[in-house]
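A.B. asks: here is my input, please return the structure:
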Amino acid sequence: MFLSLLPITAWLKSYNHSKFGQDATAAFIVTMLLIPQSLAYALVAGVPPEVGLYSSILPLILYAIFGTSSSLSVGPVAVASLMTASSLANVAEQGTASYLTGAITLALLSGIILLGMGMMKLGKITNLLSHPVISGFISASGIIIALSQLKHIMGISAHGDNVVSQIISMSESITEINLYTLAVGLSVILFLLLAKRYAKSFFMALKLPETYAAPLAKTAPIMGVLVSIIVVYLFDLQSHGVAITGSIPAGLPQFGLSLPSLSLLQELTLPALMISIIGYVESISVGKTLGAKRGEKVKPNQELIGLGAANLASGFSGGFPVTGGFSRSVVNFDAGAVTQMASVMTAIGILIASLFLTPILYFLPKATLAATIIVAVSGLVDFSILKKTWHFSRNDFYAAFSTIAITLLLGVEIGVASGVILSILLRLSHSSEPHIAEVGLIEGTEHFRNVQRHTVKTFPHLLSLRLDESIFFANSAFLEEKIMSTVQNRPGIQHIIIQCNSISEIDYSALEMLESLNQQLLEKSIKLSLSEVKGPVMDKLKESDFIEHLTGDVYLTHYQAFKTLS
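C.D. replies: Below you'll find the model as predicted:
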């Protein structure tokens, strides 16, 4: 039992020199990407830059022990960083000790929530969140993140947690633009965009194999960081108003735990839950996508435990909430990582950078980090979901559009809450009016099909129905009304058979509905029968006295019921 909670024990058994070489290569490349990313997302979260590095050390190691994806790379990500800043906006002022305490508390709460969900085997919680809603939320968050970084690109002061407040705030400071800062920021953006398009071809022109050229191309941000540092230092751009990162403390994070106040816990528990859910959805999506490419099974419940352990580790080491990042996980995969040892080596690389390389980052312009963020989140913005859902499902379109609009106009916290609510309402809406087909026998077979789609055999006194959904509180009244309406319009009906092969479960509301339906039909001298009832459903029905009072019978097959009652 204990070993099943430690996936590391499975891959360590077969670990060898060949795998070590592949993991080491991937770790080197991911480290080059993760250093600027960690600093940049600390900027988004509103915490000191070294906290971004701290959030990329222990979490990687803990996920390597408890996680099930060999490719997933855990650390600070754009959306979780934005949600951290949004959650703490009304708790404390950025740059204060209280703000950092709040960020650490969010990480610890997220870890506890995720671990709890994992222990309760709630890995299927992602089924409650529709893809259009999640896609809409992430796209809107990408826009808010990009806008929040424009102040660093232009060298002005601005604030706001939604598009409207950000635009108004920036417009008030537009005359204060620092041209030197703007030149640095735009140059780095242009470089990163060109690298995104041409770097792979450049490395391949140098005769590098594509397996190395592709991931190396994605480490362009480290080049942008180094060049911009040199430029700021050589031309003394700091004296011209270009904001720099400044002194970043070298050394290890301070490990420990100081208990937050009860009021802080109460204020941050709901935001931590939202961060946990969105982070898990993002992480499991990336893990499953990459796992499918190499036939690897990612276990949802164990992933909750892995991410929970990673967030607890982040909190204990002074970091903020983390999850599996898409860009670095893809780089990790493309670079040839075969086990989570690559993440352990990456953590060691970040640790070395924290100990020895932070003095180099003194002259790093904040505009460079902002440019890195803007280019990174540009890949999150995808409004094609609106076009796709408009043609396929208007309900999905309205849900996606509403999530985007609410997030942009009212902010991330309200946006993610509305997204969760919309997802649940959308699922209930789909289930509240399930497809109910009247079916008939295809002559010469034992198969039944929809009378409106096929030429089938039916009888006036026999109503044969197939319900394509489980019955529960949201749709039981709809089924009852549908059957009674049909009975009212067709007075010759003597028997009704409900084909139950698509009904996987029923709740108490559904049981009460069936009892009421059975009684109403009895009063009209109509017998109710069931066919192809699944075992778990039959067990539930037998727990009550419904079967004893059923006016008809329960048949093993629908064909048997149809032939008997016809």
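A.B. asks: and the strand or helix carrying T346, C-alpha only, in PDB?
C.D. replies: Remark: T346 resides in helix 341-352, with elements defined by DSSP states H and E. Taking only C-alpha atoms (Å, rounded to 0.1, in the frame of the first residue of the first chain), the coordinates of helix 341-352 have been written out as PDB:
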ATOM      1  CA  MET A 341      15.300  11.900 -12.500                       C
ATOM      2  CA  ALA A 342      15.400  14.700 -15.000                       C
ATOM      3  CA  SER A 343      13.300  16.900 -12.700                       C
ATOM      4  CA  VAL A 344      15.600  16.000  -9.800                       C
ATOM      5  CA  MET A 345      18.600  17.100 -11.900                       C
ATOM      6  CA  THR A 346      16.800  20.300 -12.900                       C
ATOM      7  CA  ALA A 347      16.200  21.000  -9.200                       C
ATOM      8  CA  ILE A 348      19.900  20.700  -8.600                       C
ATOM      9  CA  GLY A 349      20.600  23.000 -11.500                       C
ATOM     10  CA  ILE A 350      18.200  25.700 -10.000                       C
ATOM     11  CA  LEU A 351      19.800  25.100  -6.600                       C
ATOM     12  CA  ILE A 352      23.300  25.800  -8.100                       C
END
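A.B. asks: where does pLDDT dip in the chain?
C.D. replies: Low-confidence regions of the chain, defined by pLDDT under 70, span residues 1-5, 127-128.
A.B. asks: residue ranges for the helices of the stretch 401-550 of the chain, please.
C.D. replies: Remark: helices assigned in the stretch 401-550 of the chain by DSSP state H, counting those that start in this stretch are 412-432, 476-489, 508-523, 535-543, 546-549.
A.B. asks: could you do the stretch 151-300 of the chain as well?
C.D. replies: With DSSP H, counting those that start in this stretch as the criterion, the stretch 151-300 of the chain has helices spanning 163-172, 179-205, 210-217, 220-234, 262-293, 300-316.
A.B. asks: so of those, which one's packed in deepest?
C.D. replies: helix 300-316 (a mean of 26; mean count of other Cβ atoms under 10 Å). Using the backbone N, CA and C atoms, a C-beta is placed for each residue, glycine as well.
A.B. asks: C-alpha coordinates for it, PDB please?
C.D. replies: Only the C-alpha atoms of helix 300-316 are listed here, as PDB (Å, rounded to 0.1, in the frame of the first residue of the first chain):
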ATOM      1  CA  PRO A 300      -5.200  11.200 -11.800                       C
ATOM      2  CA  ASN A 301      -5.500  10.400  -8.000                       C
ATOM      3  CA  GLN A 302      -1.800   9.900  -7.600                       C
ATOM      4  CA  GLU A 303      -1.200  13.200  -9.500                       C
ATOM      5  CA  LEU A 304      -3.200  15.000  -6.900                       C
ATOM      6  CA  ILE A 305      -0.900  13.600  -4.300                       C
ATOM      7  CA  GLY A 306       2.200  14.500  -6.300                       C
ATOM      8  CA  LEU A 307       1.000  18.100  -6.900                       C
ATOM      9  CA  GLY A 308       0.000  18.300  -3.200                       C
ATOM     10  CA  ALA A 309       3.400  17.200  -2.000                       C
ATOM     11  CA  ALA A 310       5.000  19.700  -4.500                       C
ATOM     12  CA  ASN A 311       3.000  22.600  -3.100                       C
ATOM     13  CA  LEU A 312       3.700  21.700   0.500                       C
ATOM     14  CA  ALA A 313       7.400  21.600  -0.400                       C
ATOM     15  CA  SER A 314       7.000  25.000  -2.000                       C
ATOM     16  CA  GLY A 315       5.400  26.400   1.100                       C
ATOM     17  CA  PHE A 316       8.000  24.900   3.500                       C
END
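A.B. asks: which helices and strands sit right next to that helix?
C.D. replies: helix 58-66, strand 74-75, helix 97-119, helix 262-293, strand 323-324 (3 or more Cβ pairs under 8 Å, 6 or more residues apart in numbering; DSSP states H and E).
A.B. asks: angle of the longest one against helix 300-316?
C.D. replies: Taking axes from the mean of the first three to the mean of the last three Cα atoms, to 10 degrees, one finds helix 262-293 and helix 300-316 inclined to each other by 130 degrees.
A.B. asks: distance between helix 262-293 and the chain's centre?
C.D. replies: From the chain centre to the centre of helix 262-293 is a distance of 7 Å (Cα atoms, centre = their mean, to the nearest Å).
A.B. asks: and that helix, what other elements does it pack with?
C.D. replies: In this structure, helix 262-293 makes packing contacts with helix 78-88, helix 97-119, helix 131-154, helix 300-316, strand 323-324, helix 326-334, helix 412-432, judged by 3+ Cβ pairs under 8 Å, 6+ apart.
A.B. asks: redo that, cut-off 7 Å
C.D. replies: With contacts defined as 3 or more Cβ pairs under 7 Å, 6 or more residues apart in numbering; DSSP states H and E, helix 262-293 has these neighbours: helix 78-88, helix 97-119, helix 300-316, strand 323-324, helix 326-334, helix 412-432.
A.B. asks: just tell me which of these ends up closest to H240.
C.D. replies: helix 78-88 (28.2 Å; Cβ to Cβ).
A.B. asks: alpha carbons only: can I get that closest one in CSV?
C.D. replies: As requested, the backbone C-alpha atoms of helix 78-88 are provided in CSV (Å, rounded to 0.1, in the frame of the first residue of the first chain):
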residue,chain,number,x,y,z
ALA,A,78,1.6,31.9,-15.6
VAL,A,79,-2.0,31.3,-14.5
ALA,A,80,-1.3,30.1,-11.0
SER,A,81,1.1,33.1,-10.5
LEU,A,82,-1.6,35.5,-11.6
MET,A,83,-4.2,33.9,-9.4
THR,A,84,-1.7,34.2,-6.5
ALA,A,85,-1.3,37.9,-7.1
SER,A,86,-5.1,38.3,-7.5
SER,A,87,-5.8,36.4,-4.3
LEU,A,88,-3.3,38.5,-2.2
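A.B. asks: relative to the whole chain's centre, how far out is it?
C.D. replies: In terms of Cα atoms, centre = their mean, the centre of helix 78-88 is found 14 Å from the chain centre.
A.B. asks: relative to helix 131-154, how tilted is it?
C.D. replies: Using the same axes, to 10 degrees, helix 78-88 lies at 80 degrees relative to helix 131-154.
A.B. asks: got the angle between helix 78-88 and helix 412-432?
C.D. replies: Angle between the axes of helix 78-88 and helix 412-432 is 110 degrees (criterion: the same axes, to 10 degrees).
A.B. asks: perfect, that will be all.
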